[in-house]
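[1] Generate a structure from the sequence data that follows.
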Amino acid sequence: MDHVPVLIVGAGPAGVALGCELARRGVEFRIIDAGAGPFSGSRGKGIQPRTMEIFFDLDLADEALSYGEYMPTFRIYDSGGGFREETMHAGNVASASTPYPRPFVLPQFRTEELLRKRLTSLGVAIEYGVEMKSLGQDDDKVTVYLQTANGSSLLTADYVVGCDGGRSTTRSQINVAFPGKTQEERRVYVADLKVAGLSRDCWHAWRHPQGFLNLAPLPSTDLFQFQASIGPEADEEIKIESLQEILNARSGREDIILSGMKWASVWRLNVRLAEHYRKGRVFLVGDACHVHSPAGAQGMNTGIQDAYNLGWKLSHVLSGATTRLLETYEEERRPIAAWMLGVTSALEEQAFTTRGFPSDRGDETLQLSLNYRGCSLSIDERTAPGAIQAGDRAPDAILTTSRAATKRLFEIYRGPHLTVLAFGAVWNEILREIIKRYPSTEVAVYQVSGTPAQSDIACLTDANGDVARIYDVRGSSLFVIRPDGYVGFVTDNVRSELILDYLTGLLPEKSPLVAA
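    Got it, this is the predicted structure:
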């Protein structure tokens, strides 16, 4: 019987993102999907700024930028043929701390394509046409029954991660409840198709007594996405003739012609949250543990961020870190999904009430302010914490290295390691102790100084004080940045045991001492 440390069930965005996280850390795993091949539609097309930061860490951001575009202007038509234009998050501009300020548009199939390409570059192939039929677990392993067109087989794994969607077999097998609501009367036709007679420089929207209608161009394709609310009497089978009738009725025009429908689906209001994200050695990620309204473009993004949170923790535990680290996955991610479900449900209610998706969304949908404050891995030892606290997203900043080259903090954070940023020379002996204990592949250590420092410790020059300002540093402070780009630990107390105890809780206990 074959054995693998991790089995990922489901090769959608969350599953492949988890695969990329594990692969770049050298974790052996298999990733299977019951489908015959990749998904070809664009259910989710909005990439939030926090997800773009993850893509930067995974070396995907530049390619994503080349295929997509920032959220365009909404052109909202009235019944007389006039229109007004609104731009979502129009006032948000790139800054040193936030390089990706606004939502980004990329068809889901393209997002998955980029993730698969990255996974392939890391030496891992997705196994399509492989279905998990059942699983069982004990204290030491998970036993999985797999089915393919050629027969069945058994596999054992240290851990199984279910990324297999809202109808998750994994969730069913571990008997985790999935409470929530489904409203059949709130349905939407969604389709990817060609449109003649409309410009591609904006999202076109109509509000009509029958319901809303949106036509959004999909970047890097010749397609638009069609979205229209429908009544309970509407046919389950989507025909392009029916979509054309809806378009003609709600737009009051007959010069816009639909053709070449590539993919179509009926969306139903379905809002659910799993009671638990883990049972024993089995975890749930993405739609397998939370299903959102599409309003707000949060579901796919939240799933990718689930994977980003779990990936480094699984890797560390498999390398010898305490298994208590895995308990923090549900602790950190489930409250965020619960909160986001509230946000997206409110947007969905507004969409059906006003017959149009709202374009005036708050910055909470950008996911930059989501944090793990108050969770067990977030420890702030300062007597007077600043604006950036333990549990917060670690902002970007621009500084110079010891060789006078310009560098972004996100470049320094990029990779599977933790990062220590020490403001002030009082930390030098502690930094040397960390360097002696942990290799730089596990903990990257930097002194941050206003002027170039002559030291055996790597120095980042904050000549204009931008880093100190962005991180709201008051006096001498030390920050530990987790592998997923969140502030884990902050202190102004110069005691090595505080810092080393925190690192011990996150890192493999077998980490060798590095020769001085």
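[2] Give me the distance from stretch 369-389 to the chain's centre.
    Between the mean C-alpha point of stretch 369-389 and the mean C-alpha point of its chain there is a distance of 21 Å (Cα atoms, centre = their mean, to the nearest Å).
[3] Please enumerate the strands of the stretch 101-250 of the chain.
    Assignment of strands within the stretch 101-250 of the chain using DSSP state E, counting those that start in this stretch yields the ranges 104-105, 127-128, 131-137, 142-148, 151-162, 180-196, 202-208, 211-217, 224-230.
[4] buried residues in the longest one?
    The neighbour-count check on strand 180-196 (16 or more other Cβ atoms under 10 Å) flags 180, 186-193, 195 as buried. Any C-beta I mention is one placed from the backbone N, CA and C, and that applies to glycine too.
[5] between the strands of the stretch 101-250 of the chain, which one is nearest to Q173?
    The minimum distance between Q173 and the strands of the stretch 101-250 of the chain falls on strand 131-137, with 5.0 Å, by Cβ to Cβ.
[6] which of the residues in that closest one are buried?
    Neighbour-count burial for strand 131-137, with 16+ other Cβ under 10 Å as criterion, is recorded at 131-132, 135, 137.
[7] Stretch 473-490 now?
    By 16+ other Cβ under 10 Å, the buried positions in stretch 473-490 come out as 473, 477-490.
[8] Check stretch 373-383 too.
    By neighbour count, and taking 16+ other Cβ under 10 Å as the criterion, the buried residues in stretch 373-383 are 375, 377-382.
[9] Could you do stretch 453-473 as well?
    Applying a neighbour-count criterion of 16+ other Cβ under 10 Å, one finds 453, 457-462, 467-468, 470-471, 473 buried in stretch 453-473.
[10] Next: stretch 280-291.
    Taking 16+ other Cβ under 10 Å as the neighbour-count basis, stretch 280-291 is seen to contain the buried residues 281-291.
[11] what's the closest of those residues to V266?
    Compare each of the buried residues of stretch 280-291 with V266 using Cβ to Cβ and the shortest gap goes to V291, at 15.0 Å.
[12] and the closest one, what are its bridge partners?
    Note on V291: beta-bridge partners by DSSP bridges are R272.
[13] same deal with E131?
    In this structure, E131 has the following beta-bridge partners (DSSP bridges): Q147.
[14] residues contacting it?
    Residues touching E131, when contacts are defined by Cβ atoms under 8 Å, 6 or more residues apart in numbering, comprise 32, 34, 146-148, 169.
[15] Out of the buried residues of stretch 280-291, which one has the lowest pLDDT?
    In terms of pLDDT, V291 ranks lowest among these, with 91.
[16] Check the secondary structure at the residue lying farthest from the centre of the chain for me.
    Outermost residue of the chain with respect to the C-alpha centroid, by Cα atoms, centre = their mean, is G80; its distance is 41.0 Å. Following DSSP: H, G, I helix; E, B strand; the rest coil, we place G80 in the coil state.
[17] measure it to A228 for me?
    21 Å (Cβ to Cβ, to the nearest Å).
[18] measure the spatially closest residue to T169 that is not a sequence neighbour to L284 for me?
    Residue nearest to T169 in three dimensions, not counting chain neighbours: M132, with 5.7 Å by Cβ to Cβ, 6 or more residues apart in numbering. Relative to L284, M132 is positioned 13 Å away (Cβ to Cβ).
[19] Find the residues that touch each one of these two.
    Applying Cβ under 8 Å, 6+ apart, one finds that M132 and L284 are jointly contacted by T170.
[20] Run through the helices of the stretch 301-450 of the chain in chain order.
    Under the criterion DSSP state H, counting those that start in this stretch, the stretch 301-450 of the chain contains helices at 324-354, 409-413, 428-437.
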